[in-house]
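Peer 1: need a structure here:
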Amino acid sequence: MSIILVVGIVINLCLKTDILYAIKRLRHFLSILIFIAIVQSLSIKGGRVLIPIGNTALLSTKGLQFSLEFLLRMSIIVVSGLIATSTDGREMIDGLLKLHMPYELAFMTSISLRFIPVFSEEFKTRLNAISMRGIDIKKLSLPKKIRVYAYLISPTISGCIMRSEVLAKSMQVRGFRAHPKRTMLRELKMGILDYTLVLISLLIAAAFLAGMYKHGILVTF
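Peer 2: Next up, the predicted model:
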């Protein structure tokens, strides 16, 4: 997962994506991920005890491993989302259709990636509402700050769900899937560079899976 994360960061740098600006915009969302990772590291027991409190293990190697794996997975999702957001949504859908993906799945993929900044915006709106009520989160103690963030998760998710319902109604009004076949304004054509990148990506993926299988990480049924 560390290799995949590094490759994703390199691709973002090649695409000239402003990673620092994206991290700044998603800082509240990232703080939630860090909070979940901390809770996960303290709640999962096993392995060697790192921080004991009496006869109880506050932090163990297994809990630390699970929390790091969670952070790596979510970091890969965020970095992949940055790669996708660097491209116009219409161009992304056209590219997925060129790969013979059904239009419904291509549209869902594009919309799901756009909801990452929407989640951050919803969370920021709730934080601003708390600040307007005279609560300065920066001056709160750590337990109270954790409690405030926990209270904000539920309304943030409900706000995203309400936005998705509005989007679904808008799609129905505009006749989404009214015809079985869609016509496109432009037709994409793959060049030599495109085929070369696809071939290199497939070779890297095959080598990665072969390495996992060789070391017993990939389980086959």
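Peer 1: Okay, strands next: where are they in this protein?
Peer 2: Counting by DSSP state E, the chain has strands at residues 49-53, 56-60.
Peer 1: In terms of residue numbering, what are the domains of the chain?
Peer 2: Listed by automatic domain parsing, the domain ranges of the chain are 1-86, 88-189, 191-221.
Peer 1: Point out the most buried one among these.
Peer 2: Greatest average neighbour count among the domains of the chain goes to domain 1-86 (a mean of 15), per mean count of other CB atoms under 10 Å. For every residue, glycine as well, the C-beta is placed using N, CA and C.
Peer 1: Need the mean per-residue confidence for that domain.
Peer 2: Domain 1-86 shows a mean pLDDT of 76.
Peer 1: what's the straight distance from one end of that domain to the other?
Peer 2: For domain 1-86, the separation between the terminal residues is 22 Å (CA to CA, to the nearest Å).
Peer 1: ok now that domain, how far from the chain's centre?
Peer 2: Taking the mean of its C-alpha atoms, domain 1-86 sits 11 Å from the chain's own mean (CA atoms, centre = their mean, to the nearest Å).
Peer 1: Kindly report the same for stretch 112-120.
Peer 2: Counting by CA atoms, centre = their mean, stretch 112-120 comes out at 9 Å from the chain centroid.
Peer 1: now swap in stretch 158-177 and tell me
Peer 2: Computed by CA atoms, centre = their mean, the chain-centroid distance of stretch 158-177 equals 21 Å.
Peer 1: Can I get that stretch in CSV? Just the C-alpha atoms.
Peer 2: Once non-C-alpha atoms are left out, stretch 158-177 reads as follows in CSV (Å, rounded to 0.1, in the frame of the first residue of the first chain):
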residue,chain,number,x,y,z
SER,A,158,-27.0,13.2,6.4
GLY,A,159,-26.2,16.4,4.5
CYS,A,160,-24.4,14.4,1.8
ILE,A,161,-27.3,12.0,1.6
MET,A,162,-29.7,14.9,1.1
ARG,A,163,-27.5,16.3,-1.7
SER,A,164,-27.4,12.9,-3.4
GLU,A,165,-31.3,12.8,-3.3
VAL,A,166,-31.5,16.2,-4.9
LEU,A,167,-29.0,15.0,-7.6
ALA,A,168,-31.1,11.9,-8.2
LYS,A,169,-34.3,13.9,-8.7
SER,A,170,-32.5,16.3,-11.0
MET,A,171,-31.3,13.3,-13.1
GLN,A,172,-34.9,11.9,-13.3
VAL,A,173,-36.3,15.3,-14.4
ARG,A,174,-33.7,15.5,-17.2
GLY,A,175,-34.5,12.1,-18.5
PHE,A,176,-31.5,10.1,-17.4
ARG,A,177,-31.5,6.6,-19.1
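Peer 1: And the contacts of that stretch?
Peer 2: 104, 111, 115, 118-119, 122, 125-126 (CB atoms under 8 Å, 6 or more residues apart in numbering).
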